[in-house]
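In: A predicted structure for the sequence below; I have some questions about it.
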Amino acid sequence: MSEPTSEEVRQLVSAFQKLKTWPKADSAEELVEWMSSYVQSADTSGSSKADFPTSITLNQPPKLPFFSGDSKCETTFDVWKHQYNCLLKNESLSRRVLFRVAQQSLRGKAATVAMSVGPDGDVNELVAKLEDMFGSVVRGQSLLSEFYRARQTEDEDVTSWACRLEEILNRASAHDGLTPTSRDELLHNQLWSGLRADLRDKSAYLFDQGGSFGNLLRSLRRMEADMSERQPTKKTISKAATSTETSELQEMKGMIKQLSADVAKLKNSLLVTMLNLRHSSSHIDTGDNSSHNSHNRARLSSKDSVNHQEVNQFVSVVDNQDT
């Protein structure tokens, strides 16, 4: 057997360094014996791989969404409890850990309720108190009635409408224990029958095709998106209509103002003409009043426009003189 090269010796030394061990090699027999014992210990304990871990597991504590019991809180108690029930499925979490996680997620009034359980209380007792304080008290039959009466509002898109239906049915299912099949059928039927009239009329063929609640929901969302692309939003229409109405109103006001001015000028002109004719006739018939009437006509002709009150007074004077 040929002597090992310096490179082979270097690689052998490097391999033992990676294993963090060094063979006993005072003699060839000792080296063989050491190698045999090392292989056996590696097979039983896996120590040959223990020094080179392939993955690291980080134990990050679980979290629940914040819940305060306030009506303004985004998370409802039903959502919070659902997340808690999901954590219960994790067998690696102790009851003590669950208690800490639940406590840390509570805010406001809910946190005040948790204080009555104490720092070393039981998680089941804590959840039961929260259920008594914030859980739904509506009967299952009433919730089903609310489900059937529900209708999509004008400012509610299909996704929001479907989420609201599911939320109502979730609460009803907790009381009546609906099967998954009946639940899907109820959602499928009510999703379409509660739609706004414009969307329901256009999507009747989708409902008649049957299928699941999820399939109908996706089809309705696509239809809603197509409809919104083909027509402007209500806000744009309202703004344009308001702008048009304002412009037309201003134009009408200007026309009325101009017409009123024209009518006033025409009335003044007609009154002056009639008064001149009447005074001319009065001057011929009654010579005694000729100087007085001439003075009044001169008074009228000296003004560009005639005040209505003055004209009426003048006409009354002339009428009295004529009689």
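Out: Everything's here; your move.
In: over to Phe67: give its phi and psi.
Out: Phi and psi for Phe67, reported as degrees, to the nearest 10, are phi -140, psi 130.
In: any idea how far it lies from Ala110?
Out: According to C-beta to C-beta, to the nearest Å, Phe67 stands 5 Å off from Ala110. For every residue, glycine as well, the C-beta is placed using N, CA and C.
In: Ile256 now?
Out: For Ile256 relative to Ala110 (C-beta to C-beta), the value is 64 Å.
In: looking at these two, which is more packed in?
Out: Each of Ile256 and Ala110 has its neighbours counted (other C-beta atoms under 10 Å); Ala110 has more, 24 against 10.
In: mind checking which helix or strand the nearest residue to the more buried one once chain neighbours are set aside is in?
Out: Once flanking residues are discounted, Ala110 sits nearest to Gly69: 4.3 Å by C-beta to C-beta, 6 or more residues apart in numbering. Here Gly69, judged by DSSP states H and E, is contained in no helix and no strand.
In: excluding chain neighbours, what is closest to Glu167?
Out: Per C-beta to C-beta, 6+ apart, closest to Glu167 is Asp78, 7.5 Å.
In: that neighbour: how many residues sit nearby?
Out: 15.
In: surely it is within a helix?
Out: Yes - using DSSP: H, G, I helix; E, B strand; the rest coil, the assignment for Asp78 is a helix.
In: run through the residues that contact it.
Out: Ser136, Glu167, Asn170, Arg171 (C-beta atoms under 8 Å, 6 or more residues apart in numbering).
In: just the ones of those residues in helices?
Out: Secondary structure from DSSP state H places Glu167, Asn170, Arg171 of the contacts of Asp78 in helices.
In: out of those residues, grab the one that's most surrounded.
Out: So for those (other C-beta under 10 Å), the most neighbours sit at Arg171, 20 neighbours.
In: report pLDDT for it.
Out: Listed pLDDT for Arg171 reads 80.
In: correct me if wrong: it contacts Ser142.
Out: No - judged on C-beta atoms under 8 Å, Arg171 makes no contact with Ser142 at a distance of 9.9 Å.
In: look up how far Glu125 lies from the residue nearest to Glu167.
Out: The value you get for Asp78 to Glu125, if C-beta to C-beta is used, is 20 Å.
In: same deal with Phe67?
Out: With C-beta to C-beta as the criterion, Phe67 and Glu125 are 17 Å apart.
In: give the contact list for Phe66.
Out: Contacts of Phe66 by C-beta under 8 Å, 6+ apart are Cys73, Thr75, Ser105, Leu106, Arg107.
In: one more time with 6 Å, if that's ok
Out: Residues counted as contacts of Phe66 (C-beta atoms under 6 Å, 6 or more residues apart in numbering) are Ser105, Arg107.
In: before we move on, what about the one 3 residues further on?
Out: Shown in contact with Gly69 (C-beta under 6 Å, 6+ apart): Lys109, Ala110, Phe134.
In: likewise Trp161?
Out: By C-beta under 6 Å, 6+ apart, the contact set of Trp161 is Gln152.
In: does it sit in a helix or strand, and which one?
Out: Counting by DSSP H and E, Trp161 is part of helix 158-176.
In: next SSE downstream of that helix?
Out: Note on helix 158-176: by DSSP H and E, the next helix or strand toward the C-terminus is helix 180-193.
In: any idea how far Ala162 is from Lys253?
Out: Taking C-beta to C-beta, one finds Lys253 at 49 Å from Ala162.
In: neighbour-wise, which of these two wins?
Out: Ala162 (22 against 10).
In: for the nearest residue in space to the more buried one that is not next to it in sequence, give me the pLDDT.
Out: Of all residues not flanking Ala162 in the chain, Leu217 sits nearest, at 5.3 Å (C-beta to C-beta, 6+ apart). With respect to pLDDT, Leu217 scores 93.
In: just to be sure, Ser92 is in a strand?
Out: No - Ser92 sits outside any strand when classified using three-state DSSP, being coil.
In: I'd guess Ser36 is in a strand, am I close?
Out: No - secondary structure of Ser36 (three-state DSSP): helix, not part of a strand.
In: neighbours of it, just the number please.
Out: Ser36 has 10 neighbours, counted by other C-beta under 10 Å.
In: and it, how far is that from Ala15?
Out: 17 Å.
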